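S.K.: mind looking at a prediction? Sequence and model below.
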Amino acid sequence: MRRVPPYLALFAYVVFLAFPLLWLLSTALKTPQEMALTSPTWIPREPTLANFADAFGEQDLVGAALRSLVVALSSSLITVLISLPAAYAMARYRSLVSRIAVGWVLVSQVFPFILIVIPLFLIMRDLELVNTLPGLVAVHVTFTLPFALWMLQGYVRAVPRELEEAAAVDGAGRLRSIASVVAPLLAPGVVATLLFAFISSWNEFLFALVFLQDPDVMTLPLTLVRFTGPEGVARLGPLAAASLMATIPSLIFFAIIQRRLKSGLMAGAVKG
Amino acid sequence: MTATVTQPAPRASRRETSRQRREMWLLMLPAMVPVLLFSVGPLLYGIGLAFTDARNTRVHQTSFVGLENFTRMLADEQFWSSFQIGAIWSVTVTALQFLAALGLALLLNMNLRFRSVARVLAVVPWAMPPVVIGLMWKLVYHPDAGILNDLLGTDVNWLADFSLALPAIIVVGVWTGMPQTTVVLLAGLQNVPKELYEAVEVDGAGRWRRFWNITLPQLRPVIVAITSLDFVWNFNQFGLVYVLTQGGPGGRTRLPMLFAYEEAFRYRAAGYASMLGLAMAIVVLAVLGLYLWRQMREAR
């Protein structure tokens, strides 16, 4: 009987966490007629997938999703490519530069983005990069970089230096010892960092809002927000359907790293 | 981790270290270019802009105005109300996030059935794009088609009500930020050495005393770290509230970030908005500094 209160508490948490999600799902499966009922229903009487089809037809959601995919893929690949060497240097050489880099990682977490977004907008405008996807990619790379660096240098540190030295004794050059000894051990960490960078870019809203003003280049979060414009109840179904679809990539990502979250990722990221 | 710390060989030749240094710069360079170009540079530029009358339009001669933006800010009623809302929002959300997450982490650390269901659910909000979270809660709060009015038997337009809009978005803020905090606290709980509990068990200490005398002190560094981070994230929140209320009704949920955004991109007052951004940075640094300093003093 002593176990009852904890179960009640756990149940309360589950309800609080789950009910908005279930409501989103329920809304996505309802017909416009059912949406207009005065007392809303939890379980749709005639579940329909029409909202998903409608969502695809409206507002160029497919185009927006493709653009988001391009931006997220390119920015995550570039982020990892350029932060990997730097992370290696940060983990292996103790110097002023790597200490400054660590400091920057922390500072970049504290400063309000608005202070950077305004001058960045002026710079991007002069470089003719406003309303272009490469411009957004550059910004996303810059702002995922600090945390990616932090994660990667943690993973590099976890690879024993002795392994590298052993390879060097065997006559392998530095690059070869890195390629054949360090790289395979780093692979899981690199994948985790890639996924992290992908999701940060896929979810990002503020920079996209500032830099993409032309509907033809907007990414998925922006297009979703435009969806809400006219507050018709009939449009809530497709909106819910589109929102669900926009969540799928992130859910896949978290499903993959769920187990690592508890220990690995946090240890790599927080403790270094 | 100490085993991997780099110790330069005691008599490394000078040529060796300069080669190493060159190598290091070469490795750091690709990451440094974008950071300097799109992050450090703009940050300094932004701090500079705060002291000019820069406008976000193509035809405008920007000139240095000294502290004019600062005095204008102090006289601006909207600034005070926005920062007040920001303070209420970030302190309340951070505190509630922490309490809710601590409770959940303690439960997840117990040997309960269905724990794995809760564990998966606890991470889902983290995985969702903030914009989608905002839209989802808009559906919950919707005056006609939303579920909340039906559940409570009320007829309230939650997000448009002058006194209820802020509490309503605070609930969303807690829902959104709880997962990270829970995961971090849970990791901290699992790192508390079991022997400590065994020792007091012999003394016959109750559950409450075990929590108060061992769990909390052991968790302290983790708690300080995650609440500081949560505070910064919450104070700088934008997307979620932009989607939910756009700062309305009547500015009742206009967080500092939204205020600065409007000034910069709706009214095109880049200089003034930069000053607002600078003020936000100062507030965050001051609060963090004070908090960390007190925590460090108490820990000693």
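M.R.: Looks like it arrived, so ask away.
S.K.: need phi/psi at residue B:64.
M.R.: Dihedral pair for residue B:64: phi -70, psi 130, per degrees, to the nearest 10.
S.K.: can you tell me the residue of the stretch 201-300 of chain B closest to chain A?
M.R.: Residue nearest to chain A within the stretch 201-300 of chain B: residue B:277 (3.4 Å; CB to the nearest CB). For every residue, glycine as well, the C-beta is placed using N, CA and C.
S.K.: residues touching that residue, list them.
M.R.: With contact set as CB atoms under 8 Å, 6 or more residues apart in numbering or on different chains, residue B:277 has these partners: A:112, A:114-115, A:118, B:46, B:50, B:260.
S.K.: how about the helices of the stretch 51-200 of chain B, start to end?
M.R.: Taking DSSP state H, counting those that start in this stretch, the helices of the stretch 51-200 of chain B run over residues B:68-75, B:77-109, B:115-127, B:130-141, B:148-152, B:165-190, B:194-203.
S.K.: and the nearest residue to residue A:46 once chain neighbours are set aside, what pLDDT?
M.R.: Closest residue to residue A:46 apart from its sequence neighbours, by CB to CB, 6 or more residues apart in numbering or on different chains: residue A:31 at 6.0 Å. Looking at residue A:31, its pLDDT is 80.
S.K.: repeat for residue A:227
M.R.: Residue A:227 is assigned 74 on the pLDDT scale.
S.K.: what about residue B:296, how many neighbours?
M.R.: Residues lying near residue B:296 (other CB atoms under 10 Å in any protein chain shown) number 10.
S.K.: sticking with it, tell me its helix or strand.
M.R.: According to DSSP states H and E, residue B:296 maps onto helix B:270-299.
S.K.: now do that helix: distance to the chain's middle.
M.R.: Between the centre of helix B:270-299 and the centre of its chain there are 12 Å (CA atoms, centre = their mean, to the nearest Å).
S.K.: what helix or strand is residue 242 on?
M.R.: Assuming you mean chain A. Assessed by DSSP H and E, residue A:242 sits inside helix A:236-260.
S.K.: correction: the question concerned chain B.
M.R.: Assessed by DSSP H and E, residue B:242 sits inside helix B:239-244.
S.K.: give the next helix or strand downstream of that helix.
M.R.: Later in the chain than helix B:239-244, the nearest helix or strand by DSSP H and E is helix B:256-265.
S.K.: so does that following helix get close to chain A?
M.R.: Yes. Using CB under 8 Å from any CB of the partner chain, helix B:256-265 reaches chain A at B:256-257, B:260-261, B:264-265.
S.K.: repeat that for stretch B:134-141.
M.R.: Yes. With CB under 8 Å from any CB as the measure, stretch B:134-141 is seen reaching chain A through B:135-140.
S.K.: circling back: nearest spatial neighbour of the residue of the stretch 201-300 of chain B closest to chain A, chain-adjacent residues omitted?
M.R.: Leaving out its chain neighbours, the residue that sits closest to residue B:277 by CB to CB, 6+ apart is residue A:115, at 3.4 Å.
S.K.: for chain A, which residues score under the pLDDT cut-off?
M.R.: Under the criterion pLDDT under 70, the flagged ranges of chain A are A:1-3, A:38, A:59, A:172, A:174, A:229-234, A:257-272.
S.K.: now the helices for it?
M.R.: Using DSSP state H, the helices assigned to chain A run over residues A:4-28, A:32-35, A:50-57, A:61-92, A:96-110, A:113-126, A:133-158, A:161-169, A:174-177, A:183-203, A:206-211, A:220-227, A:236-260, A:266.
S.K.: ok, now which ones touch residue B:79?
M.R.: Going by CB under 8 Å, 6+ apart, residue B:79 touches B:73, B:259, B:276, B:279.
S.K.: could you export these as a markdown table, including neighbour count and pLDDT?
M.R.: Output for the contacts of residue B:79, formatted as a markdown table (neighbours: other CB atoms under 10 Å in any protein chain shown; pLDDT from 0 to 100):
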| residue | neighbour count | pLDDT |
| --- | --- | --- |
| B:73 | 19 | 89 |
| B:259 | 24 | 93 |
| B:276 | 30 | 93 |
| B:279 | 21 | 93 |
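S.K.: now tabulate those residues in TSV and tack on distance to residue B:144.
M.R.: Output for the contacts of residue B:79, formatted as TSV (distance: CB to CB, whole Å):
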residue	distance to residue B:144
B:73	40
B:259	30
B:276	36
B:279	40
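S.K.: between those residues, which is nearest residue B:232?
M.R.: For the contacts of residue B:79, the closest approach to residue B:232 (CB to CB) belongs to residue B:279, at 14.9 Å.
S.K.: residue ranges of each domain in chain A, please.
M.R.: For chain A, the structural domains run A:4-48, A:58-271, going by automatic domain parsing.
S.K.: and residue A:196, what does it touch?
M.R.: With CB under 8 Å, 6+ apart, residue A:196 has these contacts: A:144, A:147-148, A:151.
S.K.: and residue 23, how many neighbours does it have?
M.R.: Unless you meant another one, I'm taking chain A. Neighbours of residue A:23 under the rule other CB under 10 Å: 21.
S.K.: let me rephrase: I mean chain B.
M.R.: Residue B:23 has 15 neighbours, counted by other CB under 10 Å.
S.K.: A helix includes it, no?
M.R.: Yes. If the criterion is DSSP: H, G, I helix; E, B strand; the rest coil, then residue B:23 is within a helix.
S.K.: ok, it - contacts?
M.R.: Contacts of residue B:23 were listed using CB under 8 Å, 6+ apart, and they are residue A:89.
S.K.: how about 10 Å then?
M.R.: For residue B:23, the contacting residues are A:85, A:89, A:92-93, A:174, by CB atoms under 10 Å, 6 or more residues apart in numbering or on different chains.
S.K.: can I get the residues you listed in TSV with neighbour count?
M.R.: What follows is the contacts of residue B:23, written out as TSV (neighbours: other CB atoms under 10 Å in any protein chain shown):
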residue	neighbour count
A:85	19
A:89	24
A:92	23
A:93	18
A:174	11
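S.K.: near chain B, list only the ones from the residues you listed.
M.R.: Contacts with chain B within the contacts of residue B:23, counted by CB under 10 Å from any CB of the partner chain: A:85, A:89, A:92-93, A:174.
S.K.: the spatially most central residue of chain B: what's it in contact with?
M.R.: Residue closest to the average C-alpha location in chain B (CA atoms, centre = their mean): residue B:233, at 1.3 Å. Applying CB under 10 Å, 6+ apart to residue B:233 gives the contacts A:109, B:90, B:93-94, B:97, B:173, B:176-177, B:180.
S.K.: now with 8 Å, please.
M.R.: Counting by CB under 8 Å, 6+ apart, residue B:233 touches residue B:177.
S.K.: that one belongs to a helix, doesn't it?
M.R.: Yes. Assessed by three-state DSSP, residue B:233 belongs to a helix.
S.K.: now it: how far from residue B:19?
M.R.: Note on residue B:233: its distance to residue B:19, by CB to CB, to the nearest Å, is 42 Å.
S.K.: before we move on, what about residue A:176?
M.R.: For residue A:176 relative to residue B:19 (CB to CB), the value is 17 Å.
S.K.: list the contacts for residue 104?
M.R.: You didn't pick a chain, so chain A it is. A:146, B:35, B:40.
S.K.: chain B is the one I meant
M.R.: A:13, B:118, B:122, B:178, B:182.
S.K.: what sits against the residue nearest to residue A:142 when sequence neighbours are not counted?
M.R.: Distance criterion CB to CB, 6+ apart; nearest residue to residue A:142, sequence neighbours excluded, is residue B:38 at 4.0 Å. Neighbouring residues of residue B:38 by CB under 8 Å, 6+ apart: A:120, A:123, A:138-139, A:142.
S.K.: returning to what we had before: return the member of the contacts of residue B:79 nearest to residue A:134.
M.R.: residue B:276 (29.4 Å).
S.K.: okay, now residue A:131: neighbour count?
M.R.: 16.
S.K.: many thanks, I have nothing further to ask.
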